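Enquirer: no FASTA, just this:
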C-alpha cells in the first residue's frame, strides 16, 4: 500500500550534510587510534580535550558499526563522503581486530573497558557492551561479505540473548532495580537481532532462526506498552504492585521512541520474508504511540524532550527507597540529551515517510528544528555538544559513560539520509 508522505526531504538532506561535513570528518580526524587500533571516545562534552585513552568496549563496537555503515551507504550512493569507503572499512577492520584481541573473552562475554594498549581494566561486565560488539561485527560482515566477523560473535550474541531472556544480564551503568523487568535490555537485544538479520540478508545468507528470534524479541519489547500508549521503562514482576513508586511511574520517552523504529523496521523485514510480524500492538497502535511519547516527553516551557518524565507528564513522582537509580532519575530528569532527540527525529520521519503518518511529520519538524538549533557545537565546542541543561546550555558532566560517543548522532543522521525519496 502506498502512503503519500507528508514529510519534505529538507530535513533529510540536512541530516545527510551534517553527517558528511561535520560529524564524520571530526571523528575521522580525532577518534581513530592509528597506532594501536581501536578508537578514542573519551573526549569531553565539547570535544576539546581527550580526557583518557581508555577504550570502553561499548563505544568500540559502536564505532566499528559507524564506519562500516558509512562505507556501505557511500558505496550505495546514499552518502557523499570525502573519506573513501575502502579507508573506512580498513579502519573498521583494525578496530574490530582490536576488540576481538583485547575485549572478547573465552566465556562469550567482553571486558567492559581496556586501556589504550588493550590491557583489561577492572570494570563490571555489561551485556550492553557485548551487544554493541555484536552490532559492530554484524555491520562489518555486511560491508566486507566476510563471514569471519559474524562468526566471531555467534557465542557472544547467544549468551547475551539467553541472559536477557532469563533476567540475569548485568546492565551497568544502569542496574535494573530488584523486582522489575527492564525495557532497555529488551530493546537493545531486539535492535541487535535486527542488525544480525539485516546483515545476513545483505550477505545472501540464511536467516530462518534469526527471524524467529527477531519476532520474539520485538514482541517481548512491545509488551512494555501501556494502555495509554506510552511505555513502562521498568515493570514490576509482582502483579500486586500498586505502581505508585517512582521506579514504576517514571517513563523514558527517548528509549521507547528508539524501540518503536526497531519494531517498525523489524516488522518490515519479517514481512519481506513472508514471516509473521511481531504480536501485540498493531502497526497503527505503534504509530499512535509515537505521538503519545513525543507529547509526554516534550518540555512545553522551553522546548525539547526531557530525559525522564512521570507517566502523567512533568517531573517524575512516586515513593522512593533510596536507590542509586532513583537518585539518577531525580537528578537528571530535566536534562536535554543528544540521543533522545536524534532517535525521536528518526522514528517520526520514518513513520511519516513510510506510513504517511501526519502527526509524526509535525512532531519530526518540531523536534528536528530544536535539535539543530541546540546540539551542534558551533563556537562552543567541536562536533555536537551532546549533554545540555534544561534550557539548552552545555552541561559538562558524564552521562552513562565518560565518553563522547558518536553512535546515536551518526546512526540517526545516516538513517534520515536513507529515507530521502523512500515513501512507500
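Expert: Right, received. Where do you want to start? Remember, it's a predicted structure, so these values are computed and weren't measured experimentally. Residues are numbered from 1 along each chain as shown.
Enquirer: all helices of the stretch 201-350 of the chain, in order?
Expert: Counting by DSSP state H, counting those that start in this stretch, residue ranges of the helices within the stretch 201-350 of the chain are 208-222, 246-249, 253-272, 283-297, 324-332, 338-355.
Enquirer: same list (those) but as JSON lines, adding distance to residue 182, mean pLDDT and mean neighbour count.
Expert: Every C-beta, even on glycine, is put in place using the N, C-alpha and C of the backbone. Below are the helices of the stretch 201-350 of the chain laid out as JSON lines (distance: least, Cβ to Cβ, whole Å; pLDDT from 0 to 100; neighbours: other Cβ atoms under 10 Å):
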{"stretch": "helix 208-222", "distance to residue 182": "11", "mean pLDDT": "95", "mean neighbour count": "20"}
{"stretch": "helix 246-249", "distance to residue 182": "10", "mean pLDDT": "95", "mean neighbour count": "21"}
{"stretch": "helix 253-272", "distance to residue 182": "10", "mean pLDDT": "98", "mean neighbour count": "22"}
{"stretch": "helix 283-297", "distance to residue 182": "17", "mean pLDDT": "98", "mean neighbour count": "20"}
{"stretch": "helix 324-332", "distance to residue 182": "10", "mean pLDDT": "94", "mean neighbour count": "15"}
{"stretch": "helix 338-355", "distance to residue 182": "17", "mean pLDDT": "98", "mean neighbour count": "26"}
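Enquirer: closest one to residue 56 among those?
Expert: Minimum separation from residue 56 across the helices of the stretch 201-350 of the chain (Cβ to Cβ) falls at helix 338-355, 15.6 Å.
Enquirer: would you mind getting the angle between that closest one and helix 253-272?
Expert: Counting by axes from the mean of the first three to the mean of the last three Cα atoms, to 10 degrees, helix 338-355 points 40 degrees away from the direction of helix 253-272.
Enquirer: which element follows helix 338-355 toward the C-terminus?
Expert: Next along the chain after helix 338-355, taking DSSP states H and E as the criterion, comes helix 358-374.
Enquirer: now the farthest one out in this structure, which residue is it?
Expert: Going by Cα atoms, centre = their mean, the residue of the chain most distant from its centre is residue 240, 32.6 Å out.
Enquirer: so which of the helices of the stretch 201-350 of the chain is nearest residue 304?
Expert: Comparing the helices of the stretch 201-350 of the chain against residue 304 with Cβ to Cβ, the closest turns out to be helix 338-355 (7.0 Å).
Enquirer: and the angle for the closest one with helix 283-297?
Expert: For helix 338-355 against helix 283-297, the angle by the same axes, to 10 degrees is 150 degrees.
Enquirer: and helix 338-355, what does it pack against?
Expert: With contacts taken as 3 or more Cβ pairs under 8 Å, 6 or more residues apart in numbering; DSSP states H and E, helix 338-355 sits against helix 10-18, helix 253-272, helix 283-297, helix 358-374, helix 407-418.
Enquirer: the third one vs helix 208-222, what angle?
Expert: Think helix 283-297. Here the directions of helix 283-297 and helix 208-222 differ by 50 degrees (the same axes, to 10 degrees).
Enquirer: again, but for the fourth one
Expert: Relative orientation of helix 358-374 with respect to helix 208-222: 80 degrees, computed using the same axes, to 10 degrees.
Enquirer: what does the next helix or strand after helix 358-374 contact?
Expert: Using DSSP H and E, the helix or strand that follows helix 358-374 in sequence is strand 387-388. Residues outside strand 387-388 that contact it (Cβ atoms under 8 Å, 6 or more residues apart in numbering): 45, 304, 335-338, 374-375, 394-397, 399.
Enquirer: try 6 Å
Expert: Residues outside strand 387-388 that contact it (Cβ atoms under 6 Å, 6 or more residues apart in numbering): 45, 336, 395, 399.
Enquirer: wait, the third one sits on residue 386?
Expert: Read that as residue 395. No - using Cβ atoms under 6 Å as the test, residue 395 is too far from residue 386 to be in contact (9.4 Å).
Enquirer: give me the more crowded residue out of those two.
Expert: Per other Cβ atoms under 10 Å, whichever of residue 395 and residue 386 has more neighbours is residue 386, with 26 against 18.
Enquirer: now the more buried one, nearest residue through space, not along the chain?
Expert: Of all residues not flanking residue 386 in the chain, residue 338 sits nearest, at 3.8 Å (Cβ to Cβ, 6 or more residues apart in numbering).
Enquirer: for that neighbour, give its distance to residue 396.
Expert: Distance, residue 338 to residue 396, using Cβ to Cβ, to the nearest Å: 14 Å.
Enquirer: residue 96 now?
Expert: 32 Å.
Enquirer: higher neighbour count, the two?
Expert: Shown here are residue 96 and residue 396; by other Cβ under 10 Å, residue 96 has more neighbours (30 against 10).
Enquirer: tally of neighbours for residue 29?
Expert: Neighbour count for residue 29, taken as other Cβ under 10 Å: 10.
Enquirer: buried stuff in the helix or strand it falls within?
Expert: Taking DSSP H and E as the definition, residue 29 sits inside helix 24-30. For helix 24-30, the neighbour count (16 or more other Cβ atoms under 10 Å) marks 24, 26-28, 30 as buried.
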